[in-house]
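> Need coordinates for the following:
(one chain, ligands or ions: 1)
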Amino acid sequence: MTASSDEPPAEDRAGPPPGPPAENRAEDRAGPPPGTPAEGRAADRAELHAEPHGAALGTRLNWLRAAVLGANDGIVSTAGLVVGVAGATGDRTALLTAGLAGLLAGSMSMAAGEYVSVSTQRDSERAAIALERRELREQPDAELDELTGLLADRGLSREVAREAAVQLTERDALRAHARVELGIDPDALAEPWHAAVASFLAFTAGALLPLLAIVLPSASARLPVTVCSVLSALVLTGWWSARLGAARAGRAMLRNAGGGALAMAVTYGAGSLLGAVAL
Ligand SMILES: [Zn+2]
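Okay, the predicted model is just below:
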């Protein structure tokens, strides 16, 4: 893949830039007929083969990234909560109650937020697809021109773009427009419930670590165990999210652990002050 990025962009090689749309398109319509059935089948196979890779990889990366971020949230917020309470009291029941309440409140809030945002996104994608379906029904010629223009903008010559647009339209016009024009796969719209359950689980998994770390050890080991395990986990999630985003891992790990350390320091300070005043 690196070799092809050294070549000049396709439109540089393809000759004349897309000219005044109206004239070009009129010529294109009069041009040669679409490819033979045999060519169409070959293109079918090629797309069937190429399609799962890009889409599946992108989806999997998004899911992983959301999972790591959710777990990270669960670690930081619950760690801040239980360390803050530990600053005020050594009572194990109070620590367990605070940690559990934080875990449930956080995971449900994450799930609800995710549900709302993914539902909204899906509604607007559905509306865009419905509009596209109507346009395809009412003005198929203009839509074919539009698809041709979009493909040409991506670096195909006018002739090839026209050919591609005609073939894509013959096979599944709505799908082609959804993908090229809207960047949506109509068969793979985001599912709000999936997103909600996934972020609930991710947050819970992250929150369990500081909860167990503060409740299980003896009173004297409680804070060091929690701080060490939380910082180690944040280094790990920082590294992982940097890897997923192809960013530099070192800085991400430091930043992530630093944020968690700051959260615990602030809540521990506040808890200690409150404990000193109230008890
Ligand atoms: Zn369209």
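
> Please make it C-alpha for all contacts and neighbour counts, starting now.
OK.

> Contacts only, for Arg243.
Arg243 makes contact with Ala249, according to C-alpha atoms under 8 Å, 6 or more residues apart in numbering.

> From Asp172, how far off is it?
According to C-alpha to C-alpha, to the nearest Å, Arg243 and Asp172 sit 37 Å apart.

> ok, now Thr93?
Relative to Asp172, and taking C-alpha to C-alpha, Thr93 is found at 61 Å.

> hang on, Leu151 packs against Ala165?
Yes: Leu151 is in contact with Ala165 according to C-alpha atoms under 8 Å; the separation is 7.5 Å.

> So for the two, which residue has more residues nearby?
Using other C-alpha atoms under 10 Å as the criterion, Leu151 and Ala165 rank with Ala165 on top: 26 against 20.

> got the contact list for the more buried one?
144, 147-148, 151.

> Restricted to helices, list those residues.
144, 147-148, 151 (DSSP state H).

> Return the closest of those with respect to Gly80.
Leu151 (51.0 Å; C-alpha to C-alpha).

> Distance-wise, check that closest one relative to Met264.
Here Leu151 is placed at a distance of 52 Å from Met264 (C-alpha to C-alpha).

> Neighbours of Asp187, how many?
Asp187 - counted by other C-alpha under 10 Å - has 7 other residues nearby.

> what about it, which SS state?
Classification of Asp187 using DSSP: H, G, I helix; E, B strand; the rest coil returns coil.

> check contacts around it.
Contacts of Asp187 (C-alpha under 8 Å, 6+ apart): none.

> switch the cut-off to 10 Å
Arg175 (C-alpha atoms under 10 Å, 6 or more residues apart in numbering).

> In contact with the closest residue to Leu151 other than its chain neighbours, which residues?
Distances taken as C-alpha to C-alpha, 6 or more residues apart in numbering put Ala161 closest to Leu151, at 5.4 Å, once the chain neighbours are dropped. When contacts are counted by C-alpha under 10 Å, 6+ apart, Ala161 is found next to 28, 145, 147-155, 167.
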